[in-house]
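Novice: Next comes the sequence, and after it the predicted model I'd like to discuss.
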Amino acid sequence: IPSICCVVGCNNNKGDPKISFYRLPQDEKRRHQWLAAIKRADWTPTRKRINQMM
């Protein structure tokens, strides 16, 4: 299963070797901060990942 970015407007996927993906943090406070930054209303995360351009 390919990894894709869950951030609104981001079309990056695991096919690019210059991109790293990160799981959402398990720490409740940090996870809440990440979810606020993702800006997806009415969305419940599953095992989604965030990416970073290298």
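Specialist: Yep, that arrived.
Novice: Count the residues that sit near S3.
Specialist: 16 (other C-beta atoms under 10 Å). The way it works is simple: take the backbone N, C-alpha and C, and place the C-beta from them, glycine included.
Novice: ok, the residue lying closest to it once chain neighbours are set aside to F21 distance?
Specialist: The shortest distance from S3 to any non-neighbouring residue, by C-beta to C-beta, 6 or more residues apart in numbering, is to K14 (4.1 Å). Using C-beta to C-beta, to the nearest Å, K14 is found at 6 Å from F21.
Novice: Common neighbours of those two, please.
Specialist: Counting by C-beta atoms under 8 Å, 6 or more residues apart in numbering, the contacts common to K14 and F21 are S3.
Novice: Just the CA trace of stretch 25-38, in PDB.
Specialist: What follows is stretch 25-38, C-alpha atoms only, in PDB (Å, rounded to 0.1, in the frame of the first residue of the first chain):
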ATOM      1  CA  PRO A  25       2.500  11.200  17.200                       C
ATOM      2  CA  GLN A  26       1.000   9.000  19.900                       C
ATOM      3  CA  ASP A  27       1.500  11.700  22.600                       C
ATOM      4  CA  GLU A  28      -2.000  13.300  22.900                       C
ATOM      5  CA  LYS A  29      -0.800  16.900  23.200                       C
ATOM      6  CA  ARG A  30       1.600  16.700  20.200                       C
ATOM      7  CA  ARG A  31      -1.000  14.700  18.100                       C
ATOM      8  CA  HIS A  32      -3.500  17.500  18.700                       C
ATOM      9  CA  GLN A  33      -1.000  20.100  17.500                       C
ATOM     10  CA  TRP A  34      -0.300  18.100  14.300                       C
ATOM     11  CA  LEU A  35      -4.000  17.500  13.600                       C
ATOM     12  CA  ALA A  36      -4.600  21.300  14.000                       C
ATOM     13  CA  ALA A  37      -1.800  22.000  11.500                       C
ATOM     14  CA  ILE A  38      -3.300  19.500   9.000                       C
END
